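Peer 1: Have a look at this prediction, sequence included:
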Amino acid sequence: MDFLNGFVALLNFVVIPATAYGAQLALGALGVTLIYGILRFSNFAHGDTMAFGAMATILVTWAFQSMGLHLWGLPTALLALPFGIVVAALLVLGTDRVVYRFYRRHKVSPVILVIVSMGVMFVYNGLVRFVIGPDDQNFADGARFLINARDFREMTGLDEGLAFRTSQAMTIITAVIVVAILFWFLNRTRTGKSMRAFSDNEDLALLSGINPERVVAITWIIVAALATVAGVLYGLDKSFKPFTYFQLLLPIFAAAIVGGLGSPVGAIVGGFVVAFSEVTITYAWKKVLEYWLPAALEPEGLVQLLSTDYKFAVSFAILVIVLLFRPTGLFKGKSV
Amino acid sequence: MRVILLFAIVFGLILLTGFTQSWNVALGIVNMGLVSAIMALGVNLQWGYAGLFNVGVMGFVALGGLAAVLIGQPPVGAAWEAGGARILGGLAVGIAVIVAAVLLWKRLPVGRARAIAMVVLLIAGFFVYRGVFDPAVEAIESVNAATEGYLGGLGLPILIAWPVGGLLAAGAAWAIGKTALGLRSDYLAIATLGIAEIIISVMRNEDWLARGVKNVIGLPRPVPYEVDLQQSQAFVERAAGAGLDPVMASTLAVKLAYAGFFVVVLLVLLWLAQAALASPWGRMMRAIRDNEVAAEAMGKDVKARHLQIFVLGSAVCGLAGAMMTTLDGQLTPSSYQPLRFTFLVWVMVIVGGSGNNYGAILGGFLIWFLWVQVEPVGIWLMETLSAGLDPASPLRAHLLASAAHMRLFTMGLLLLLVLRFSPRGLIPER
C-alpha cells in the first residue's frame, strides 16, 4: 500500500506536471527547430510569437464567452484556437515579408538574422503589452478536473490523492495530435518532403525546382500554428503573462539544442528531457521517500535538490552538458 | 564632422529637455546615458571588435551591482559570527568538488569508468556541499532578518567597488567563455542568455549574500548627501547667488558630481578602447573577426583571443553595473530585466554603429534619451489621437494606459529600421 501511495504521489507531483510541461516545451522547440532548419537562424522572437498567438486566442475566447459559445466541459479556448493561429500566421507572414525577406535575399550571415529577430522580439513584445497589457489574464473555463483528488481517494482507498487537471490532459492530447499531423505532413506530403529537402541541402533543392519562397511561407505558417498551440496550452495550464513567455525562450532553446537543432524528433525528446529534469530536480522528494523508505531511513529535510527558483539553472546545466559533450545534440542536428 | 554633428544633436535634445521639462530630468538622462555608454562600449568591444554575440549583459551588470554591496556596505558582525566561516567553508567545498571533477575528467583514461566516477563525485560532492552550506545560510538569515540577515560587505569606500565589479564580471565571463566560446555563435548567445538568468536568480534567492529580493538600500555614496548640502551655510549662499533655491541646487549638485565621476571613467575607457583598436592587437582582433580561418592560418590563437576580449568586454559591463548601483544607491535584483539590460544595450550598439567606439557612446546617450522620453511622448500622442473620443470611453482609457508600453515597440522598430537602411549604424566603423 505504501508503495502505491508513493507511486501516486510521484505521479501527481512529478510525472503529470512534467509531461504537460514537456509537451508545451516540445511544441515550442519544434517551432524553433523548424525555423532553424529552413531559415537557418535562431529565432529569438519565438517566445513572443507564442505570447502573441496566445493573446489573439484569448481575445477570441473572450468574444465567444460573451456570446455564450462554449465547448461543454472543454475550455472555450480550444474553439478559438484556429482563429488565433490565423492571426499569428498573418503576423509572422507579414513580418517575413517586411523584415526577414530582405536579409534572405542578401544572404546575410545567420548572426545578423539573430539580431534582426531581437528587433522583432521587441516589436512583438511591445504589441502584446500594448493590446492586452502586461498583467496576468485568465481565460480558462470548462471543467477544472478530469480526476479530482478527493474522488480518487474515495475510489481507490489510498491516502494520496491524484488530481488530473483538464488542462493537463488537453495539453498532452493536443500535443500528440499536433505532432502526429506535423510528422505526417513532413514525411508523407509533397510539400513536407520539399521542406525537408530544402533543410538538408538548399542548393540541391533549388536545382530540383523547389520554390524557396513557398517553402519559407509554409514554414512560417506551421511555426505560427505550433507557437500559438504551445502558447495557449501553456496559458491554460499555468497562466497567461507576457513576460513569462519571454522567459520560456531559455528552456525552449535548451530543448531544441539538446535534441539537436534542426531535428524535429530531437526537439520533442529535448522538450521532455528538459521538463522532467526541471521538475525532478526542483521537487521536494520528502513525501515520496516517506512512503518508500523504511521508517528508520526517513529523511529529515525536504530532499529538494534545488529550490524551484533555480529551474532556469537546470535547463542551462543540461544545455551546457550537451554542448560540451555532444555539440550536435542527441539527434545529430546541424552544427554550422 | 558627422560625429560632432550627431553628438551635438543628441546633447541638444538633452538640453531641450532641460529647458522644457526640468534640469533634474536632463541630468538624470545624462548620468544614465553615461552609464549606458560604458555598457555599450563593453558590448562593442565584444561584438564590434571580435564579433562575439553576448546576450548576457544583464548578468554582468548585475554582478557589478553586487560588488557595490559587497564592498560598500558595512560588515554585519553578528552574521559573520553566526555562519561566516561555515559559509566560506561550504563555498570552498563546492569549488574543490568542481576542480576535482575537472581534474578527474582530464587525468583518467577515456571510458565508462571515467563517466561513472565523475557522476559519483559530483553527486556526493553536491550533498557534502549542501550539508556544510545550508545550516550556515539559515544561521545568517536569522540574524536581525528585518534589516540585515546577510553578511554585509567590507565597509570600504564605494569607489573601490567599481573595479571590483569589473573583476567579478570578468571572473564569470572567464568561466562562461571557457565552456561556450569556440562553439557556433548562436550557442554562445543562448549560453550567455542562460548564465545571465542564473546570476539574477542567485542574487534573488541567496539572501545571505545581498538580501535577495528584500533589497539592499542606502548604499554609501561617493558624493555628499543633499540634506547635508542644504544645511551647509556656504552651499546655500552660493545657490542663492546663482538664483536657485537650496533644495533644487543640492539635487543638481549631487547629480553633477556623479556625472563628473562617470565622465572621467568614460573618457579613460574610451582612450583605452581607442588605443587598443589602433594597436596591432586591435588589428589582429578585426582580422580574426573578418576571417577566422585566415587568422588561424597566420598562427593566431583564435580561441584564446576570443576569451580575452570576452572577459574584457564583460568586465567593462560589470564596471558600468557597479556605477549604476552606486548611482541608484540601492541593489534591487528584481529590477534586472533582460529587455532593459541586455537587449537595450544591443540596440545602443547597433544603432550607434558597431565597431566604432564613438558610435557606441552616441548610441548609449541617444537610446537612453529615447527610452526615457518615448513614454511622455507616447502619452501625449495618445491624448492627441484620442482627443475626439468621449473621455469616458473604454477605448480611450485603454489607449492611454497602453502608451507606457510604446517604448519596447519603438526600440524594436528603431533597431529594425537601422538594420535595414543603415546596417553599419549612425557612425560606421572606419
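Peer 2: Noted; the coordinates are in hand.
Peer 1: Not counting its neighbours along the chain, what's nearest B:Gly329?
Peer 2: Nearest residue to B:Gly329 in three dimensions, chain neighbours excluded: B:Leu219, at 5.1 Å (Cβ to Cβ, 6 or more residues apart in numbering or on different chains). All C-beta atoms are positioned from the backbone trio N, CA, C, and that covers glycine.
Peer 1: If you could redo that for B:Leu181, that was the one I meant.
Peer 2: Per Cβ to Cβ, 6+ apart, closest to B:Leu181 is B:His306, 4.9 Å.
Peer 1: Show me what the host helix or strand of that neighbour is packed against.
Peer 2: Here B:His306 sits within helix B:302-328, counting by DSSP states H and E. Counting contacts by 3 or more Cβ pairs under 8 Å, 6 or more residues apart in numbering or on different chains; DSSP states H and E, helix B:302-328 packs against helix B:23-44, helix B:50, helix B:57-72, helix B:161-180, helix B:246-278, helix B:280-290, helix B:292-297.
Peer 1: Repeat the analysis, applying 7 Å as the threshold.
Peer 2: helix B:23-44, helix B:57-72, helix B:161-180, helix B:246-278, helix B:280-290, helix B:292-297 (3 or more Cβ pairs under 7 Å, 6 or more residues apart in numbering or on different chains; DSSP states H and E).
Peer 1: hey, which of those helices is tucked in deepest?
Peer 2: Of all the helices and strands packed on helix B:302-328, helix B:57-72 carries the top mean neighbour count, a mean of 30, counting by mean count of other Cβ atoms under 10 Å in any protein chain shown.
Peer 1: Need the mean per-residue confidence for it.
Peer 2: Across helix B:57-72, pLDDT averages out at 94.
Peer 1: and it, C-alpha only, in CSV?
Peer 2: Provided in CSV are the C-alpha atoms of helix B:57-72 (Å, rounded to 0.1, in the frame of the first residue of the first chain):
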residue,chain,number,x,y,z
VAL,B,57,25.0,41.7,-20.5
MET,B,58,22.3,41.8,-17.7
GLY,B,59,24.2,39.2,-15.7
PHE,B,60,27.5,41.1,-15.8
VAL,B,61,25.8,44.3,-15.0
ALA,B,62,24.1,42.7,-12.0
LEU,B,63,27.4,41.3,-10.8
GLY,B,64,28.8,44.8,-10.8
GLY,B,65,25.8,45.8,-8.7
LEU,B,66,26.6,43.0,-6.3
ALA,B,67,30.1,44.3,-6.0
ALA,B,68,28.8,47.6,-4.8
VAL,B,69,27.1,45.9,-1.9
LEU,B,70,30.0,43.6,-1.1
ILE,B,71,32.5,46.5,-1.0
GLY,B,72,30.4,49.4,0.2
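Peer 1: any idea which helix or strand comes after it?
Peer 2: helix B:77-79.
Peer 1: which residues does the residue lying closest to B:Val61 once chain neighbours are set aside contact?
Peer 2: Nearest residue to B:Val61, sequence neighbours excluded (Cβ to Cβ, 6+ apart): B:Gly321, at 3.5 Å. By Cβ atoms under 7 Å, 6 or more residues apart in numbering or on different chains, B:Gly321 lies in contact with B:Phe60, B:Val61, B:Ala62, B:Leu63, B:Gly64, B:Gly65, B:Gly165.
Peer 1: what about 10 Å?
Peer 2: Shown in contact with B:Gly321 (Cβ atoms under 10 Å, 6 or more residues apart in numbering or on different chains): B:35, B:38-39, B:42, B:57-68, B:161-162, B:165-166, B:168-169, B:331, B:336, B:341.
Peer 1: For B:Val132, which three-state class applies?
Peer 2: Under the three-state scheme (DSSP: H, G, I helix; E, B strand; the rest coil), B:Val132 adopts helix.
Peer 1: How many neighbouring residues does it have?
Peer 2: The local packing of B:Val132 (other Cβ atoms under 10 Å in any protein chain shown) involves 18 other residues.
Peer 1: out of everything not next to it in sequence, what's closest to it?
Peer 2: B:Gly90 (4.2 Å).
Peer 1: now do A:Ile252
Peer 2: Closest to A:Ile252 by Cβ to Cβ, 6+ apart is A:Gly28, at 4.1 Å.
Peer 1: Show me what the helix or strand where the one you found lies packs onto, helices and strands only.
Peer 2: If you go by DSSP H and E, A:Gly28 is part of helix A:16-39. If you count contacts as 3 or more Cβ pairs under 10 Å, 6 or more residues apart in numbering or on different chains; DSSP states H and E, helix A:16-39 packs onto helix A:46-67, helix A:110-132, strand A:164-165, helix A:166-188, helix A:190-200, helix A:212-237, helix A:249-259, helix A:264-282.
Peer 1: Ok, which of those comes nearest B:Leu229?
Peer 2: Of all the helices and strands packed on helix A:16-39, it is helix A:110-132 that lies closest to B:Leu229, at 40.1 Å by Cβ to Cβ.
Peer 1: now what about the following helix or strand past the closest one, what contacts it?
Peer 2: Next helix or strand after helix A:110-132 toward the C-terminus (DSSP H and E): strand A:145-147. If you take Cβ under 10 Å, 6+ apart as the criterion, strand A:145-147 is touched by A:12, A:16, A:73, A:151-152, A:155, A:161-170.
Peer 1: Give me the buried subset of the residues you listed.
Peer 2: With neighbours counted using 16 or more other Cβ atoms under 10 Å in any protein chain shown, the contacts of strand A:145-147 contain these buried positions: A:12, A:16, A:152, A:161-170.
Peer 1: Please identify which pair of those lies farthest apart.
Peer 2: So, these by Cβ to Cβ: farthest apart are A:Gly161 and A:Met170, at 20.5 Å.
Peer 1: what does the stretch 201-350 of chain B have sitting close to chain A?
Peer 2: The interface of the stretch 201-350 of chain B toward chain A, taken as Cβ under 10 Å from any Cβ of the partner chain, is made up of B:201-202, B:204-206, B:212-213, B:337-339, B:342-344, B:346-347, B:349-350.
Peer 1: Quickly note the distance from the residue most central in space within chain B to chain A.
Peer 2: Centroid-nearest residue in chain B, with Cα atoms, centre = their mean: B:Val61, separated by 2.4 Å. As defined by Cβ to the nearest Cβ, to the nearest Å, B:Val61 lies at a distance of 17 Å from chain A.
Peer 1: check contacts around that residue.
Peer 2: Contacts of B:Val61 (Cβ under 10 Å, 6+ apart): B:35, B:39, B:42, B:165, B:169, B:196, B:199-200, B:314, B:317-325, B:336, B:340-342, B:345.
Peer 1: Figure out how far stretch B:161-179 is from the centre of its chain.
Peer 2: 12 Å (Cα atoms, centre = their mean, to the nearest Å).
Peer 1: ditto for stretch A:197-212
Peer 2: 29 Å.
Peer 1: go on, stretch A:116-129?
Peer 2: For stretch A:116-129 - counting by Cα atoms, centre = their mean - the centre lies 19 Å from the chain centre.
Peer 1: what is the mean pLDDT for that stretch?
Peer 2: 93.
Peer 1: Just give the closest residue to B:Asn44, not the sequence neighbours.
Peer 2: B:Ala360 (3.9 Å).
Peer 1: Could you list the contact residues of the stretch 1-150 of chain B toward chain A?
Peer 2: So the stretch 1-150 of chain B meets chain A at B:Trp47, B:Gly51, B:Leu52, B:Phe53, B:Val55, B:Trp105, B:Ala115, B:Ile123, B:Phe126, B:Phe127, B:Arg130, B:Asp134 (Cβ under 10 Å from any Cβ).
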